[in-house]
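Engineer: kindly return the folded structure for what I paste below:
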Amino acid sequence: MSLSITDKDNPKPPTLTTLRLCLRNLLDKDGEPYDLSGCSKFYAHIKDALTDADASADCKLDSVSNPTQFVTTYASTGNLDVIFSTTNTNLTAGTLYYIGVTAIWSGGTKVELCRDTIVFQTAITLSTS
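Structural biologist: Residues are numbered from 1 along each chain as shown. This next block holds a predicted model:
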């Protein structure tokens, strides 16, 4: 699996900016490209504690309520992009957050596609328009 968060570590991504999470070449248990095209729902969360319920996550997206924030053009070959908008990254700079993406199929199969940590820094420009 390839996980790419542009400028994740140095410099840390700024708050109040678009963050694009790019998942590439996800492989299933047999080492084959994961066909995500049949997934019924994707979830993406940013939490400041792993014990937080999904409903109280600092940022929560799902592909049904937020379809434009999930790019599934090449999902059949194990590729997925999750776009956290400027309102999604209105988080506290300097705080350690947990970030994760999960796929759920209609039959109930649930697969955690990625998990990582992220720390945002204060954006230089705070204007939004």
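
Engineer: which residues are in contact with the closest residue to N90 other than its chain neighbours?
Structural biologist: In space, N90 comes closest to L16 once its chain neighbours are excluded; the distance is 5.9 Å by CB to CB, 6 or more residues apart in numbering. The C-beta positions use only the backbone N, C-alpha and C, and glycine is treated the same way. Counting by CB atoms under 8 Å, 6 or more residues apart in numbering, L16 touches 86, 89-90, 123, 126, 128.

Engineer: same thing with K110?
Structural biologist: 102-104.

Engineer: phi and psi next, for it.
Structural biologist: Main-chain dihedrals, K110, degrees, to the nearest 10: phi -120, psi 130.

Engineer: so what pLDDT did it get?
Structural biologist: pLDDT recorded at K110 is 93.

Engineer: now swap in I124 and tell me
Structural biologist: Model confidence at I124, expressed as pLDDT, equals 82.

Engineer: how close does it sit to L61?
Structural biologist: 26 Å (CB to CB, to the nearest Å).

Engineer: ok, those two, which is more surrounded?
Structural biologist: Neighbour tally, I124 and L61, criterion other CB atoms under 10 Å: the higher count belongs to L61, 22 against 7.
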